[in-house]
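# no sequence on this one, just coordinates:
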């Protein structure tokens with residue numbers, strides 16, 4: 001076979017692969033509009049959207065090397081079509097507009113953080129609680145915590161009296177809601193309502209605060225987690241480290257059985273529950289009206305149905321001001337941004353920052369707001 005024939009055959013194979021990737025990209029781009037209850041397979045497939053998008057970018061480069069203008073254009077079209085969703089995953093806000101001097105006087109800051117029951121993710125043996133220390137260091141005006149069962153020194157691992165005193169002095173207004181939701185504020189809390197839904201794994205609380213002479217309703221939420229077992233997480237970890245995988249995994253059939261039986265079923269079930277929880281939150285958000293901030297651990301990515309349903313006409317603070325993918329969950333190589341802050345009303349986000357202490361399996365997300 002001549003070299004020319006080899007190149008021609010390779011090109012045909014690449015075209016077929018490219019068509020499959022384009023189809024996958026378009027399906028995953030649309031997946032967030034599909035209710036997981038009606039089509040769980042499409043919903044789960046949506047998690048792979050970034051992979052399809054990156055693969056299509058690679059094909060643009062491949063066709064550039066082949067110097068085939070027609071195929072370059074064909075590959076660019078689906079990229080442009082799905083660019084909005086890609087930007088939600090990886091915004092590129094290089095220059096954010098600076099607030100005016102008058103706006104600076106209206107600034108207030110917010111933090112959302114899943115604290116993993118105040119356990120130390122890196123299992124460091126310290127004589128103080130590292131998570132509490134990070135919260136104090138960041139010093140946001142309002143702090144929404146998930147998996148936070150208490151603010152009492154005797155209930156939290158290595159929570160010192162000095163830390164307790166500092167927390168009380170910094171945040172005179174402290175509340176623990178049902179389903180392990182914590183709320184710290186430098187502003188008085190006018191109202192607090194727990195939002196409950198059957199017996200599902202769902203936590204949400206609604207707070208009303210007066211900030212800069214305007215009332216703001218804040219929702220702190222923790223949606224249904226995937227609930228993978230420790231063994232399933234280890235399996236995924238091994239699969240992403242081939243050398244160790246060979247030592248611990250007996251056969252391809254075993255892997256496929258584990259992935260199909262554990263990962264897919266739990267992903268699909270959790271997505272269906274989060275969809276239902278998203279509908280409930282919609283009801284409360286609509287009822288609140290006016291100035292609203294909603295934040296917390298969604299356990300879902302920007303491509304998901306729950307994310308889109310809850311966001312509605314609100315603005316994603318990270319999409320508006322952030323740069324890069326900003327992973328907020330990092331355990332066992334499950335690298336996703338599943339913690340979000342949405343808002344609407346007479347204020348706007350001017351800065352977003354993701355801090356990276358490894359106290360928890362989540363990273364904290366911080367936002368600065370000013371009056372419009």
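Yep, it's here. Note that the structure is predicted; figures quoted are calculated from it, not measured.

# and the helix or strand where residue 165 lies, what's its mean pLDDT?
Assigned by DSSP states H and E, residue 165 belongs to helix 161-170. Taken as a whole, helix 161-170 carries a mean pLDDT of 95.

# skip ahead from it and say which helix or strand is next.
Downstream of helix 161-170, the first helix or strand assigned by DSSP H and E is strand 173-177.

# how about the strands in this structure?
108-114, 142-146, 173-177, 181-185, 189-195, 203-211, 214-222, 291-297, 315-316, 339-344, 347-354, 365-371 (DSSP state E).

# and among those strands, the most buried is which?
strand 142-146 (a mean of 28; mean count of other Cβ atoms under 10 Å). All C-beta spots, glycine's among them, are computed from the backbone N, C-alpha and C.

# helix or strand with the lowest mean pLDDT in the chain?
The weakest-scoring helix or strand in the chain, judged by mean pLDDT, DSSP states H and E, is helix 242-248 (a mean of 52).

# leaving out sequence neighbours, find the closest residue to residue 107.
Distance criterion Cβ to Cβ, 6 or more residues apart in numbering; nearest residue to residue 107, sequence neighbours excluded, is residue 370 at 5.1 Å.

# quick one, domains of this structure?
Domain ranges of the chain: 3-89, 101-227+255-371, per automatic domain parsing.

# residue 95 is nearest to which of those?
domain 101-227+255-371 (10.0 Å; Cβ to Cβ).

# tell me the contacts of residue 267?
Contacts of residue 267 were listed using Cβ atoms under 8 Å, 6 or more residues apart in numbering, and they are 44, 47, 226.

# which regions of the stretch 1-150 of the chain lie under the pLDDT threshold?
Low-confidence segments of the stretch 1-150 of the chain (pLDDT under 70): 1.

# now do the helices in the stretch 51-200 of the chain.
69-81, 83-89, 101-104, 130-138, 161-170 (DSSP state H, counting those that start in this stretch).

# tell me which residues of the fourth one come out buried.
Counting neighbours by 16 or more other Cβ atoms under 10 Å, one finds that the buried residues in helix 130-138 are 130-135, 138.

# so which of those is the closest to residue 33?
Nearest to residue 33 among the buried residues of helix 130-138: residue 138, at 35.4 Å, using Cβ to Cβ.

# show me the one of the strands of the chain that comes nearest residue 21.
When the strands of the chain are compared by Cβ to Cβ, strand 315-316 sits nearest residue 21, at 26.6 Å.

# what packs against the closest one?
In terms of contacts (3 or more Cβ pairs under 8 Å, 6 or more residues apart in numbering; DSSP states H and E), strand 315-316 is packed against strand 339-344.

# what strands line up against the strand it packs on, and which way round?
If you go by DSSP bridges, strand 339-344 pairs up with strand 291-297 (antiparallel), strand 315-316 (antiparallel).

# can you check what angle separates the longest one from strand 108-114?
Using axes from the mean of the first three to the mean of the last three Cα atoms, to 10 degrees, the interaxial angle of strand 291-297 with respect to strand 108-114 works out to 30 degrees.
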